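Sequence plus the predicted model coming up.
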Amino acid sequence: MTGLETAAWLTLLVVQLCVILRAILLEGRDSSARAAWLLLLIALPVVGVVLYILFGEPWISSGLRTRDRRIREGLRALAPSAARHDDAGGRYANAFATFEAASRWPVATGNAARLTPDADGAIAMLVADIDAATTTVHLCFYIWLEDDNGTMVAEAVCRAARRGVACRIAADAIGSRGLIRSACWTRMRDAGAQVCSVLRAPFGLGFLVGHRIDLRNHRKIAVIDGRVAYCGSQNCADPAFRIKRRFAPWVDILVRFEGPVVRQSELIFAATWALETEEDLRPALPDAPQPVVGGFPAIATGTGPMSPRGTMTAMFVAVLAAAQSRVTITTPYFAPDPPLLAAIIAAARRGVAVRIVFPHRNDSRALAAISRAYYPSLIEAGVRIFEYRGGLLHAKTIVVDTALAMIGSSNMDRRSLDLNFENNLLLDCPSLAAQLEQRQQEWLCDAIEIDREDAIGRAMPRRLVDNLLTMVAAVF
């Protein structure tokens with residue numbers, strides 16, 4: 001070996017050791033994530049270093065963090081003021097308080113909502129609201145396709161913009177890249193809508209704009225005239241989901257809200273918009289909607305990589321901790337951190353009837369395998385697990401005791417917990433919770449339950465693979 005080769009190997013060794021040391025010393029990382037990255041760095045010396053540099057930390061430049069903090073502090077003053085909601089028995093006070101701590105605004109009382117019938121029906125309702133808009137149309141989607149539904153919404157935006165409505169359209173630069181490059185995007189812009197490609201990474205180099213290249217805006221927000229908001233899991237696309245049609249239909253959920261919680265959703269949109277465009281929307285926002293007589297309490301919360309670590313997990317845990325009799329969860333991607341996994345198991349062990357519905361066919365093989373690796377520990381604790389056969393169940397829902405419900409964009413995986421920008425809404429409304437539970441029951445009718453003995457009585461090779469998967473789950 002020549003002196004040059006020796007120097008090269010020593011340099012690689014020093015870099016490897018420095019990255020390992022960085023992975024161990026990084027503050028705030030849970031021990032399972034630390035162990036997963038350490039395992040990867042040791043098993044794949046060079047590749048592991050490259051992966052860690054690209055994806056090992058949710059790094060964001062200090063300048064971007066400072067701007068985000070300033071924007072959110074400025075917008076927070078516009079949130080509707082209300083006394084903290086406390087239900088009759090105080091059962092859900094801690095859950096709402098956790099969401100309040102995450103959003104730093106109070107629960108909004110006096111809201112009304114309507115569950116959309118299905119994916120196509122949701123788009124039809126959204127288009128009707130856009131066609132009725134008189135002042136503003138604010139839309140933000142992770143995935144927006146140039147298919148039937150995507151084009152219908154885009155054409156409605158064009159019509160609104162031409163009649164003088166201020167339309168601001170935000171779409172994730174990666175998730176919606178096809179639309180952003182299309183004539184449909186150009187038509188919206190030419191009609192007078194302001195369009196924004198969110199979290200661009202020029203030439204794939206995220207550091208040029210101060211963030212990781214895989215940092216994504218996973219939010220789904222629609223706010224019309226400051227009086228109507230939509231929240232749920234549905235992207236702006238057909239159920240056939242052209243880019244991944246072999247997993248179709250994609251099964252989602254979307255709820256239409258009225259009342260003060262609409263202002264909270266609009267502030268989450270305004271924060272995204274200002275961070276990307278530097279346009280201060282405060283002067284442009286319509287008046288906050290008045291409470292609906294007899295309406296229910298709700299709170300909309302946006303989370304992301306600039307939230308305190310563990311914020312999204314704390315929100316999930318608080319909702320699960322409120323359960324007294326039953327809870328049903330649907331999520332397509334399941335790679336929980338230890339506190340979330342413990343909260344699900346604890347609920348089942350204290351006698352709560354816990355059901356989780358996953359898709360049988362998943363567009364992410366890695367996350368599907370990781371999800372199934374957790375089946376034995378969940379089932380042993382008493383959790384009933386189902387796999388939906390009617391398509392890719394993409395809805396993210398939690399319904400507790402047919403009263404408390406959480407919907408939004410967050411999956412129960414590490415990207416949603418620690419990295420992506422997400423938006424979720426918590427509400428206390430028995431009538432709406434019953435409708436959501438009925439929708440969950442429809443999915444359960446098209447699902448098979450995982451057999452307890454099959455899950456627990458795994459052969460040794462399967463146990464080996466499953467245990468390895470749970471060890472590296474934090475990397476996903």
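Looks like it came in fine.

residue closest to the middle of the chain?
Per CA atoms, centre = their mean, the C-alpha nearest to the average position across the chain is that of Ser410, at 2.5 Å.

ok, now how distant is that one from Phe269?
Remark: distance between Ser410 and Phe269 (CB to CB, to the nearest Å) = 17 Å. Where C-beta positions appear, they are placed from N, C-alpha and C, glycine not excepted.

ditto for Pro286
As defined by CB to CB, Pro286 lies at a distance of 13 Å from Phe269.

The two - which one has more neighbours?
Summary of the neighbour comparison: Pro286 and Phe269, criterion other CB atoms under 10 Å, with Phe269 having more neighbours (24 against 17).

Surely the more buried one touches Ala170?
Yes - Phe269 is in contact with Ala170 according to CB atoms under 8 Å; the separation is 7.4 Å.

What ranges does the stretch 201-350 of the chain have for its helices?
In chain order, the stretch 201-350 of the chain shows helices spanning 261-277, 311-321, 338-349, with DSSP state H, counting those that start in this stretch as the criterion.

what's the closest of the ones you listed to Thr136?
For these, proximity to Thr136 was assessed by CB to CB; helix 261-277 is nearest, at 8.5 Å.

So which bits of the closest one are buried?
261-276 (16 or more other CB atoms under 10 Å).

ditto for stretch 450-461
If you call a residue buried by 16+ other CB under 10 Å, then stretch 450-461 has these buried ones: 450, 455, 458.

before we move on, back to that, mean pLDDT and distance to Leu367 added to the helices of the stretch 201-350 of the chain, as TSV?
Conversion of those to TSV gives the following (pLDDT from 0 to 100; distance: least, CB to CB, whole Å):
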stretch	mean pLDDT	distance to Leu367
helix 261-277	97	25
helix 311-321	98	17
helix 338-349	97	15
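
Figure out which of these is closest to Arg439.
Within the helices of the stretch 201-350 of the chain, the stretch nearest Arg439 is helix 311-321; the backing value is 17.6 Å (CB to CB).

Now Leu425: phi and psi?
In this entry, Leu425 is assigned phi and psi values of phi -130, psi 130 (degrees, to the nearest 10).

With Pro289 instead?
Pro289 adopts backbone torsions of phi -70, psi 150, taken as degrees, to the nearest 10.

thinking it is in contact with Ser265, fair?
No - using CB under 8 Å as the test, Pro289 is too far from Ser265 to be in contact (10.8 Å).

For Leu469, see how far away Val354 is.
Distance of Val354 to Leu469, given as CB to CB: 22 Å.

more neighbours, these two?
More neighbours surround Val354 than the other of Val354 and Leu469, with 24 against 19 (other CB under 10 Å).

What residues of the longest helix belonging to the chain count as buried?
The helix spanning the most residues in the chain, taking DSSP state H as the definition, is helix 3-25. If you call a residue buried by 16+ other CB under 10 Å, then helix 3-25 has these buried ones: 16, 19-20, 23.

on contacts alone, who are the packing partners of that helix?
Contacting helix 3-25 under the criterion 3 or more CB pairs under 8 Å, 6 or more residues apart in numbering; DSSP states H and E are the following elements: helix 31-43, helix 45-55.

tell me the most buried of these?
Burial of the helices and strands packed on helix 3-25 is given as mean neighbour count (mean count of other CB atoms under 10 Å); helix 31-43 ranks first at a mean of 17.

Give me the residues contacting it.
With CB atoms under 8 Å, 6 or more residues apart in numbering as the contact definition, helix 31-43 has outside contacts at 16, 19-20, 23-24, 26, 48-49, 51-52, 56, 337-338, 414, 471-475.
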